[in-house]
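1. quick one, structure for this:
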Amino acid sequence: MATQAEAKPGLIRRVRDFFEEVKTEMDKVTWPTREDLKVSTQVTLILLGVVSAIIYVYDQVFQVVIIALLGVAS
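-> Here you go, the predicted structure:
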């Protein structure tokens, strides 16, 4: 038995449905308060500074090691 295929909605209808679904989902989002956002930003910046310092220290140590190895090789 052949079933009749459902007609696919047009492009305009699919785009409209998409944006309606986006709006519905965005209404469900719980946005942070200004204070929460400030605290999160501070934590992020502090951790960025700590990680940058760690990478800098590793870079300096590896630089000394490589220069020492190249000095031994020559």
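2. most centrally placed residue in the protein?
-> Thr44 (12.9 Å; Cα atoms, centre = their mean).
3. against Lys8, how distant is it?
-> Distance of Thr44 to Lys8, given as Cβ to Cβ, to the nearest Å: 45 Å. Glycine gets a C-beta too; all of them are placed from N, C-alpha and C.
4. before we move on, back to that, tell me how far the residue nearest to the centre of the chain lies from Lys38.
-> 11 Å.
5. what touches both of those two?
-> Common neighbours of Thr44 and Lys38 (criterion: Cβ atoms under 8 Å, 6 or more residues apart in numbering): none identified.
6. now do Leu70: how many residues are near it, please.
-> Each residue near Leu70 was counted by other Cβ atoms under 10 Å, and the total is 9.
7. just Arg16 next, same as before
-> 12.
8. list the contacts of it.
-> Neighbour list for Arg16: empty [criterion: Cβ under 8 Å, 6+ apart].
9. can you tell me the helix or strand for it?
-> helix 11-27 (DSSP states H and E).
10. and that helix, what's its mean pLDDT?
-> What helix 11-27 shows for mean pLDDT is 95.
11. can you name the next helix or strand after that helix?
-> Taking DSSP H and E, what comes next after helix 11-27 is helix 34-73.
12. distance of Met26 relative to Ser40?
-> From Met26 across to Ser40, the span is 20 Å (Cβ to Cβ).
13. let me fix that, I meant to ask about Gly49.
-> 15 Å.
14. burial measure for Thr24, as a count.
-> That count, for Thr24 with other Cβ under 10 Å as the rule, works out to 9.
15. swap in Lys28?
-> 6.
16. for Glu6, give me its contacts.
-> Counting by Cβ under 8 Å, 6+ apart, there are no residues that Glu6 touches.
17. need the three-state assignment for it.
-> Secondary structure, DSSP: H, G, I helix; E, B strand; the rest coil: Glu6 is coil.
18. and it, what's its pLDDT?
-> For Glu6, pLDDT reads 73.
19. mind checking how far it is from Val22?
-> Distance from Glu6 to Val22, by Cβ to Cβ: 24 Å.
20. same question for Gly71.
-> According to Cβ to Cβ, Gly71 stands 61 Å off from Val22.
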